[in-house]
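In: my questions concern the predicted model and sequence given below.
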Amino acid sequence: MGCLRVIALGFLALLVSGPAVADQKDARLPDLFKNLLGAPGLETAKVIEVQIWHIWFQYDDSAIVLLMEQGEKAMGRRDYDSALRSFNQVIQIAPDFAEGWNRRATLYYLMGRHDDSLADIEKTLALEPRHFGALAGRGLVYSALEELDLALRAFEAALAVNPHMVGARINAEAIRKNLGDRDI
């Protein structure tokens, strides 16, 4: 079975089985994270990742969902000012929503605002310590700042939560090579 088909089936199963209300506090997440750690391969892990991301992106307020979608679309168009307005509104209305902070952290990274990105990553992780996307994002920010020891620690933290993150693994290996395989 192809990877895309497996992901699509997993996503469909989540839509059918899950409630409309979800976020980082969703009761399904502990089992999904346990399954992610024990996933036998990349295809299975990708299905679980899609389910986790879907849950993280949901919020029980249609205005928040709309603002998130608008922010994502604006970010995709590189309309960073519009994206920032959307994500700022999300955070103002729902400061307990981890994915709002994470999306703005991603935007700040794309804008080259690394200190702001790191601050939002910290907020994300305070709300959802298992947020492998934020952990890997921290690694990317530290890499951009040429803080390779900190970047490596961040990528390793992401891999401890989700050992199937190909990008985090490649980045961690490249940094280890750059650092001469020394322990930190």
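Out: Yep, that arrived. Numbering: from 1, shown residues only.
In: quick one: buried residues of stretch 46-53?
Out: Going by neighbour count (16 or more other C-beta atoms under 10 Å), the buried part of stretch 46-53 is 46-52. For every residue, glycine as well, the C-beta is placed using N, CA and C.
In: how does this protein divide into domains?
Out: The chain breaks down by automatic domain parsing into domains covering 1-58, 60-129, 131-184.
In: just send these back as TSV, with mean pLDDT too.
Out: Output for the domains of the chain, formatted as TSV (pLDDT from 0 to 100):
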stretch	mean pLDDT
domain 1-58	72
domain 60-129	97
domain 131-184	93
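In: which SSE is residue 33 in?
Out: helix 29-38 (DSSP states H and E).
In: quick check: next helix or strand after that helix?
Out: Heading C-terminal from helix 29-38 (DSSP H and E), you reach helix 42-57.
In: for residue 134, which non-adjacent residue is closest in space?
Out: Once flanking residues are discounted, residue 134 sits nearest to residue 124: 4.2 Å by C-beta to C-beta, 6 or more residues apart in numbering.
In: state the distance from that neighbour to residue 101.
Out: Shown here: residue 124 relative to residue 101, a distance of 4 Å by C-beta to C-beta, to the nearest Å.
In: go on, residue 79?
Out: From residue 79 over to residue 101 the distance is 20 Å, taken as C-beta to C-beta.
In: between those two, who's got more neighbours?
Out: A side-by-side neighbour count of residue 79 and residue 101, using other C-beta atoms under 10 Å, places residue 101 first with 27 against 14.
In: so who does the most centrally placed residue in the chain touch?
Out: When C-alpha atoms, centre = their mean is applied to the chain, the residue found nearest the centroid is residue 133 (2.6 Å). Residue 133 is in contact with 53, 102, 158, counting by C-beta atoms under 8 Å, 6 or more residues apart in numbering.
In: residues touching the last one, list them.
Out: Taking C-beta under 8 Å, 6+ apart as the criterion, residue 158 is in contact with 132-133, 135-136, 139, 165, 168.
In: considering those, which possesses the most neighbours?
Out: residue 139 (29 neighbours).
In: before we move on, which element is it in?
Out: Taking DSSP H and E as the criterion, residue 139 maps to helix 132-144.
In: what helix or strand does the most far-flung residue of the chain relative to its centre sit in?
Out: Within the chain, the residue lying farthest from the chain centre (C-alpha atoms, centre = their mean) is residue 180, at 28.7 Å. Using DSSP H and E, residue 180 sits within no helix or strand.
In: what residues sit buried inside whatever helix or strand residue 174 lives in?
Out: Using DSSP H and E, the element containing residue 174 is helix 166-178. Under the neighbour-count criterion of 16+ other C-beta under 10 Å, helix 166-178 has 168-169, 171-172, 175-176 buried.
In: quick one: which of those residues is nearest residue 111?
Out: Relative to residue 111, the closest of the buried residues of helix 166-178 is residue 171; by C-beta to C-beta it sits at 20.6 Å.
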